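K.L.:
based on what follows, work out the 3D shape:
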Amino acid sequence: MSWFDGFESREFAAGGTTIFARFGGKAGAPPLLLVHGFPQTHAMWHRVAQVLAAHYFLVMPDLRGYGDSGKPPTLDDHSQAGKRAMAQDMVDVMSALGHESFLLCGHDRGARVSHRLAVDHPGRVRKLALIDIAPTLDMYDATNMAFARYYYHWFHLIQPAPLPETMIGGCAQPYLHAKLGGWGGKGIGFIEPQALAEYERCFCRPENIHAACEDYRASAGIDLDHDRASRAAGDRIRCDTLVLWGERGIIGKFFDPLALWQAQCAAKVTGRSLPAGHFIPEELPAETAQALLDFYGTAGTLGA
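P.N.:
Residues are numbered from 1 along each chain as shown. A predicted model of the protein is given here:
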């Protein structure tokens with residue numbers, strides 16, 4: 001894809017599967033791992049990457065089950081799609097590239113993976129940015145009719161296979177477009193044609209639809225078990241954390257994201273809303289990039 005000119009790409013072995021990733025940017029600069037969400041791929045970062053590549057060494061993977069990454073066999077407990085497994089994939093990719101510690105930013109499902117990564121591997125994450133999520137456990141615990149109406153996909157995708165897979169597969173492209181234009185969005189005009197074509201190519205495949213459902217099934221089961229165990233053990237995020245959410249999105253309507261993340265973090269938590277829906281990095285790429293630059297600093301201002 002032309003907007004990733006200058007970036008390399010390859011597949012990495014991780015957790016019994018393969019992870020496709022693009023990487024590049026400023027050689028010797030602080031490494032920054034950017035993790036996408038549902039129903040997208042690493043391509044969601046393309047415009048943000050154009051700005052950040054001058055300041056960081058960027059790594060942009062497809063999560064397992066998404067894009068061109070592997071789709072591990074389904075397990076009874078859905079742990080193959082759990083955020084712990086996905087987080088370990090990200091650590092393995094960064095290790096393969098020679099980065100033992102790194103900056104981390106996740107959007108949507110990628111932010112949930114990033115949360116688990118920061119808790120499970122505190123020594124690896126220098127600073128953490130989470131875009132348009134509240135903690136999974138808090139969101140499920142606070143579910144009411146209004147939230148379920150807006151986030152119905154949380155409860156649809158977790159139904160036993162193959163019902164949601166069959167329903168989505170019957171009209172995969174309209175479903176994808178509806179998701180991309182929802183959650184405070186104003187249609188899909190903010191998504192460049194090349195990126196939309198990439199999402200259509202990847203999401204509309206039966207194996208990718210199943211893997212996305214498995215991602216949500218894991219979040220409603222084994223991920224909650226891990227979150228409860230972490231809270232019971234007092235395991236919290238140990239690095240400074242930035243929280244961003246969309247003014248027109250759902251997170252700010254139903255939750256207090258700053259307060260919820262402050263409760264899960266032992267370091268400093270800052271953040272604010274941005275004038276966007278859910279897909280902030282694509283709707284407001286310049287503003288997203290600047291917020292990350294301000295938070296992370298650059299090679300001259302970032303600690304080792």
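K.L.:
run through the bridge partners of Pro61.
P.N.:
Ala21 (DSSP bridges).
K.L.:
gap between it and Ala289?
P.N.:
19 Å (CB to CB, to the nearest Å). Every residue, glycine included, has its C-beta placed from N, CA and C.
K.L.:
so which of these two has more stuff around it?
P.N.:
Applying other CB atoms under 10 Å to Pro61 and Ala289 shows that Pro61 carries more neighbours, namely 31 against 20.
K.L.:
confidence score at that one?
P.N.:
What the model reports as pLDDT for Pro61 is 98.
K.L.:
and what of Gly182?
P.N.:
pLDDT at Gly182 comes out at 89.
K.L.:
okay, now the unreliable bits of this structure?
P.N.:
1-2, 299-304 (pLDDT under 70).
K.L.:
so where do the strands sit in it?
P.N.:
8-14, 17-25, 31-35, 57-61, 102-107, 125-131, 241-246, 269-274 (DSSP state E).
K.L.:
distance from the third one to the middle of the chain?
P.N.:
Between the centre of strand 31-35 and the centre of its host chain there is 11 Å, according to CA atoms, centre = their mean, to the nearest Å.
K.L.:
so which other helices or strands are in contact with that strand?
P.N.:
On a contact count with 3 or more CB pairs under 8 Å, 6 or more residues apart in numbering; DSSP states H and E, strand 31-35 meets helix 46-52, strand 57-61, helix 83-96, strand 102-107, helix 109-120.
K.L.:
cool, the fourth one as well?
P.N.:
Using 3+ CB pairs under 8 Å, 6+ apart, the elements in contact with strand 57-61 are strand 17-25, strand 31-35, helix 46-52, helix 83-96.
K.L.:
just those: most buried one?
P.N.:
Using mean count of other CB atoms under 10 Å, the stretch among the helices and strands packed on strand 57-61 with the largest mean neighbour count is strand 31-35, at a mean of 26.
K.L.:
residue contacts, Ala195?
P.N.:
Ala43, Met44, His46, Glu282 (CB atoms under 8 Å, 6 or more residues apart in numbering).
K.L.:
next up, the contacts around the residue nearest to Gly67 when sequence neighbours are not counted.
P.N.:
Computed as CB to CB, 6 or more residues apart in numbering, the closest residue to Gly67 that is not its neighbour in sequence is Thr41, at 3.5 Å. Thr41 is in contact with Asp62, Tyr66, Gly67, Asp68, Glu198, Tyr199, Cys202, counting by CB under 8 Å, 6+ apart.
K.L.:
start and end of stretch 102-113, how far apart?
P.N.:
15 Å (CA to CA, to the nearest Å).
K.L.:
then stretch 178-190?
P.N.:
14 Å.
K.L.:
using a markdown table, lay out the helices and strands packed on strand 57-61 together with distance to Leu137.
P.N.:
Listed next are those as a markdown table, based on distance: least, CB to CB, whole Å:
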| stretch | distance to Leu137 |
| --- | --- |
| strand 17-25 | 26 |
| strand 31-35 | 19 |
| helix 46-52 | 28 |
| helix 83-96 | 11 |
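K.L.:
between these, which one is closest to Ala134.
P.N.:
Nearest to Ala134, of all the helices and strands packed on strand 57-61, is helix 83-96, at 14.6 Å by CB to CB.
K.L.:
helices and strands around the closest one, which ones?
P.N.:
strand 8-14, strand 17-25, strand 31-35, strand 57-61, helix 109-120, helix 222-233.
K.L.:
that helix to helix 222-233, inter-axis angle?
P.N.:
On the basis of axes from the mean of the first three to the mean of the last three CA atoms, to 10 degrees, helix 83-96 is oriented at 80 degrees to helix 222-233.
K.L.:
ok, and what's touching helix 83-96?
P.N.:
12-15, 17, 19, 21, 31, 33, 35, 59, 61, 63-64, 79, 100, 102, 112-117, 120-121, 124, 218-219, 222-223, 226.
K.L.:
please apply the same query to stretch 202-219.
P.N.:
With CB under 8 Å, 6+ apart as the test, stretch 202-219 has contacts from 38-41, 62-68, 71, 74, 78-83, 109, 112, 136, 153-154, 157-158, 161-162, 164-165, 168-169, 172-173, 176.
K.L.:
pull out the buried members of those.
P.N.:
Buried members of the contacts of stretch 202-219, counted by 16 or more other CB atoms under 10 Å: 38-41, 62-68, 71, 74, 78-83, 109, 112, 136, 153-154, 157-158, 164-165, 168, 172, 176.
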